[in-house]
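Participant: how would this look folded up:
(chains A and B)
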Amino acid sequence: MTGMMIVMIIVALALIGWIVARARATRLGIEAGRLATNSRPSQHGWYVALWTALPALAFLAVWANVMPSLVLDSVLTSPAAQSLPADDFSRGAILSEAGAIASGAQTAAFNPQSMSLVEPYRAAYGRYSTIGAVLAAILAFACGAYAFSRVRPSFTARNRVERVVMWTLLLASLIAIITTAGIVASLLFESLRFFSMVNPLDFLLGLKWSPQSAAMGYGNEDAFGAVPLFWGTIFIGAIIAMIVAIPLGLMSAIYLTQYAKPRTRKWMKPMLEVLAGVPTVVYGYFAALTVAPALRNLAAGIGIPGASSESALAAGLVMGVMIIPFVSSMADDSIAAVPQSMRDGSLAMGATTSETIRRVLIPAALPGVVGGVLLAVSRAIGETMIVVMAAGLAANMTLNPFASVTTVTTQMVQLLTGDQEFDSAKTLAAFALGLVLFIVTLLLNIVALRVVKKYREAYE
Amino acid sequence: MSEAVLPMSATPVATSRAPTDWNGEAMRRRIALRYAAERRFRLLGLCAVLISAGFLAFLLISMGANGARGFMSTQIKLPVDFPRSPIMIDPAMLSTNPDQVLANANLPQVIESSAQAAFGKDGDDYISSGAVAALRKAIIADPGILTRKVTITVPASAGIDLAAKSDGSEADEAAVVKLEQARALSTGFNGGFLTSSDGTDPTVVGIWGALKGSLLTMAITLALSFPIGVFAALYLEEYAPRNRWTDIIEVSINNLAAVPSIIFGLLGLAIFLNMMHLPRSAPLVGGMTLALMTMPVIVIAGRNAIKAVPPSIRDAALGIGASPIQVVFHHVLPLALPGILTGTIIGMARALGETAPLLMIGMRAFVASPPGGITDPATVLPVQIFLWSDEVGKGFIEKTSAAIIVLLIFLLTMNSIAIYLRNKFEKKW
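Facilitator: Sure, this is the predicted structure:
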């Protein structure tokens, strides 16, 4: 009996409970008269259905976790298991292989011994899953019957059902906390393991990044200096991308809010937003296929040394374009928040529109714009696909935008693809980089939101 | 005009400043300069908008031009003389177990010898590895051809395909000229691109496997993130008491919305794969990871939609005796649903285009068959694009662009639905 089927049976039982309880409540309610009933018939139905389904499903969840060890115990006591090798490693390998064959995930065995264990495995598995299913069905029926026996006009089914709904809502909102805690815990835990192998100061201040040499056994010293990565990230995400995005985004926002006719604005604004909706892998492909070769040819043409086909400039330019709508909408919001009276005052003094914008609106909106730019930077440094596809892997510390640099996110992808052993410093380094990225983006966001909030309050 | 500045004389302090001559040469020049600056500034703004729009247009056009070719394929009419070919087949067996028989029938050799007979000693280089499948299909459709000489249309190799559609190497261009003189070339819509999966030969790859993986992943994401997101939004907006716990929930939701997507990949790797031992590369894990990423978006959109429902609706329902739960589920939620759905679709569109977290949980494996279920190894559209962009074969460039077109069409459709919903159901109270 498969797990899916027993769940279906429980759901079906719950449905029957709902129908029967509702019918009974309706009949009793009519007999007792409207005023004597506490809850509506369907609420009685829900009460019985919840009692039928929830305990049984909870039992199944527990059983699914307990069952593997029960199955293992009974397999180990079977006669075929007596010839198993004593050391834990090969024993575990044979057992897991037998389990995989028994459940159908694998068809042939590498180890002939595991074939002999398949039958005991299958038998134990079948036995325990049948026991689990029967127990769950009995539990569902018993709890449903208990709930059904409580259906009477004065019974407060509504309050009880609503309490369950309330708890469900609360649990759903707690998922956000659990996720945050999960992120922090997993990053911290793996990073601590990494820092037990590599000195945190060497990691944060070291100038040489070559995890491959560490993986090849040359030792962890001097291999995990992340400063070139930080520089590459800042160079691409906070310098080049912003040089593109800030002027274009700000001027677009100014043009669309101050100059464009409503009809133009109605078309132009969604078009800019399309730029934000294009998947980053498309930008990355565009940067690598079209922009990067063009830039390399340009650099070679004007004689810049060290031009690479994976240049910081290509990744930064394209990332800047991706960020334009983001900067533009933040600037739009903060310009719109400047009180109309300030604008009117400036215009009444005889200033032209551009003078008003440059001398009055922008200075007044500056904190909001700065906050928006900080948010944009935090998004740019966390961006992955563009830099993975268009920026290089060489950890250079260079000011030459045509040279290749690497970033934190690129290296994270690089470190975690390929072998997946979770005890080498090489893979754990990705989590340490992730922790740094998480903290930096979090700080940027907090500062940006504080700046924006303070500025909003100034005009309220 | 000069009267306008006269009030100066009303001040007791005598100034030596002469009244401004607004019609004077200097003043005219100054005003002209200021107006010129105004025009320049305006032009600058227009340029900024046009540059952004131009970039978008350039991106779409270059993808479109490359991708359109990816949907076309070049085919070669290959004459096959079965009685003389090295085919090893027993026609009697064909009706009982055709797959088995044809797999052992030495079909690649048949293609090779036929191509060499027809187009010279380089002939087999012109034919794609997908030709075997075409041949197999032809034999199954009509076993009678085994006794005579027929002409079968088979896909051309990547080099010929490129040379015929755009520009290939010199040898391939020459081969194309030769084939065209033999009237053996034709170009048609590449139906296989939409129905087959990843492969090593660009002429036979398709996106169906990745598309199915994407659909399964999105189904998991939606099934998890939509109920959780809506419930969390309802709780926070309608029931949550103002206390420290609620603040913590709100702060973590807002932070999650700003966490870089690759961090969610690390979370999925550490928790779902290493701790819970769920299968690698599976849509299940991908969907769960993306659900965590999409949930904050849905919560934030949901809260805004719920906030927009006027309090009078709640008061009226409470006033006639509805319980707080009934107020929300009978009245507030249905009214807020269009807004919530819009936010959900936008969040799902983001998740559909997301690549980085899926790379972290191993969805970058080479998967040559479409996934059968949510625990099978699979790949998704954006990851397929990434994988193909890494391929060295020149034929993959147009396939990558074609896959991008498919992805963009999906995103465009989803966003259009969101905009339509917003416009149709938007209510001004």
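
Participant: where does the stretch 301-429 of chain B get nearest to chain A, which residue?
Facilitator: Closest residue of the stretch 301-429 of chain B to chain A, Cβ to the nearest Cβ: B:Gly353 (2.9 Å). Just so you know, the C-beta spots here come from the backbone N, C-alpha and C atoms, and that holds for glycine as well.

Participant: torsion angles phi and psi at that residue?
Facilitator: Dihedral pair for B:Gly353: phi -90, psi 0, per degrees, to the nearest 10.

Participant: contacting residues around the residue nearest to it when sequence neighbours are not counted?
Facilitator: Leaving out its chain neighbours, the residue that sits closest to B:Gly353 by Cβ to Cβ, 6 or more residues apart in numbering or on different chains is A:Pro279, at 2.9 Å. By Cβ atoms under 8 Å, 6 or more residues apart in numbering or on different chains, the contact list for A:Pro279 reads A:385, B:352-355, B:382, B:407, B:411.

Participant: what's the closest of those to A:Thr37?
Facilitator: Using Cβ to Cβ, the shortest approach to A:Thr37 within the contacts of A:Pro279 belongs to B:Leu352, at 48.7 Å.

Participant: the helix ranked longest in chain A packs against which elements?
Facilitator: Identified as the longest helix of chain A according to DSSP state H is helix A:157-197. Helices and strands touching helix A:157-197, by 3 or more Cβ pairs under 8 Å, 6 or more residues apart in numbering or on different chains; DSSP states H and E, are helix A:41-77, helix A:425-458, helix B:208-234, helix B:244-258, helix B:261-267, helix B:283-307, helix B:324-326.

Participant: A:Thr417 is in contact with A:Lys426, correct?
Facilitator: No. Counting by Cβ atoms under 8 Å, A:Thr417 is not a contact partner of A:Lys426; they are 11.4 Å apart.

Participant: quick one, domains of the chain?
Facilitator: In the absence of a named chain, chain A is used. A:3-155, A:211-458 (automatic domain parsing).

Participant: switch to chain B, that's the one I care about
Facilitator: For chain B, automatic domain parsing gives the domain ranges B:1-70, B:72-190, B:208-425.

Participant: okay, these in JSON lines with mean pLDDT and mean neighbour count next?
Facilitator: Below are these laid out as JSON lines (pLDDT from 0 to 100; neighbours: other Cβ atoms under 10 Å in any protein chain shown):
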{"stretch": "domain B:1-70", "mean pLDDT": "81", "mean neighbour count": "13"}
{"stretch": "domain B:72-190", "mean pLDDT": "76", "mean neighbour count": "17"}
{"stretch": "domain B:208-425", "mean pLDDT": "90", "mean neighbour count": "20"}
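
Participant: could I get those as TSV with distance to A:Leu95?
Facilitator: Shown next, in TSV, are the domains of chain B (distance: least, Cβ to Cβ, whole Å):
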stretch	distance to A:Leu95
domain B:1-70	48
domain B:72-190	35
domain B:208-425	15
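
Participant: which one of these lies closest to B:Asp201?
Facilitator: Closest approach to B:Asp201 among the domains of chain B (Cβ to Cβ): domain B:72-190, 4.8 Å.

Participant: would you mind measuring the gap between the ends of the closest one?
Facilitator: Across domain B:72-190, the terminal residues are separated by 5 Å (Cα to Cα, to the nearest Å).

Participant: where in the stretch 301-450 of chain A is pLDDT low?
Facilitator: Residue ranges of the stretch 301-450 of chain A with pLDDT under 70: A:418-423.

Participant: circling back to that earlier point, more neighbours: A:Lys426 and A:Thr417, which one.
Facilitator: Between A:Lys426 and A:Thr417, counted using other Cβ atoms under 10 Å in any protein chain shown, the more crowded position is A:Lys426 (23 against 14).

Participant: distance of that one relative to A:Ala394?
Facilitator: 17 Å (Cβ to Cβ, to the nearest Å).

Participant: quick one, strands of the chain?
Facilitator: You didn't say which chain, so I picked chain A. Counting by DSSP state E, chain A yields no residue ranges for strands.

Participant: nope, chain B
Facilitator: In chain B, the strands defined using DSSP E lie at B:72-81, B:149-155, B:185-189.

Participant: now the ones you listed in a markdown table, with distance to B:Ala301?
Facilitator: A markdown table is the format used below for the strands of chain B (distance: least, Cβ to Cβ, whole Å):
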| stretch | distance to B:Ala301 |
| --- | --- |
| strand B:72-81 | 40 |
| strand B:149-155 | 46 |
| strand B:185-189 | 39 |
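
Participant: which one of those strands lies closest to chain A?
Facilitator: Using Cβ to the nearest Cβ, the nearest of these to chain A is strand B:72-81, at 19.4 Å.

Participant: now do the closest one: which elements does it pack against?
Facilitator: The contact analysis (3+ Cβ pairs under 8 Å, 6+ apart) places strand B:72-81 against helix B:107-119, strand B:149-155, helix B:158-165, strand B:185-189.

Participant: what's the most buried one of the domains of chain A?
Facilitator: With neighbours defined as mean count of other Cβ atoms under 10 Å in any protein chain shown, these peak in mean count at domain A:211-458, which reaches a mean of 20.

Participant: so where's the longest helix in chain B?
Facilitator: In chain B, taking DSSP H as the definition, the longest helix is helix B:25-70.

Participant: tell me what angle that helix forms with helix B:158-165.
Facilitator: On the basis of axes from the mean of the first three to the mean of the last three Cα atoms, to 10 degrees, helix B:25-70 is oriented at 130 degrees to helix B:158-165.
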